[in-house]
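Novice: Using only what follows, build the 3D model:
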Amino acid sequence: MKAIWNKEVIANSDDTVVVEGNHYFPPSSLNMKFFKKSEKTTVCSWKGTAKYYDLEVNELSNKDAAWYYPEPKSAANNISGYIAFWRGVEVVDN
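Specialist: Okay, the predicted model is just below:
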């Protein structure tokens, strides 16, 4: 799977995990030059506390467009540290 935003591949992996229709990418698959830590957090009742990244690609920003669970609840251990996308990020099959 590839995650694309603003015409750049920001993540690429053959090992995503699908949860609730979202592809979660392993951290090693990210092109980290496009990711900036965000202060945003949200809480999911069964996954735990999510943290976010802003995307900065070709001089454009996409605030809080990626999220991950650094310390998920036990039901979501399979996505610990994996990153998912929204807000216009296109996730496509390789």
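Novice: What residues does Ala75 make contact with?
Specialist: Neighbour list for Ala75: 46-47 [criterion: CB atoms under 8 Å, 6 or more residues apart in numbering]. Glycine gets a C-beta too; all of them are placed from N, C-alpha and C.
Novice: I'd guessed Gly81 sits against Tyr68; true?
Specialist: Yes: between Gly81 and Tyr68 there is a contact at 6.1 Å, judged by CB atoms under 8 Å.
Novice: quick one: common contacting residues for these two?
Specialist: Pro27.
Novice: Quick check, Phe85 in contact with Ala65.
Specialist: Yes: applying CB under 8 Å, one finds Phe85 in contact with Ala65, separated by 6.1 Å.
Novice: shared neighbours of the two, which are they?
Specialist: Joint contacts of Phe85 and Ala65 (CB under 8 Å, 6+ apart) are Trp5.
Novice: what sits against Glu71?
Specialist: So Glu71 contacts 48-49, 80 (CB under 8 Å, 6+ apart).
Novice: sorry, back to before: Gly81 and Tyr68: who's more crowded?
Specialist: Remark: of Gly81 and Tyr68, Tyr68 carries more neighbours, 19 against 13, as counted by other CB atoms under 10 Å.
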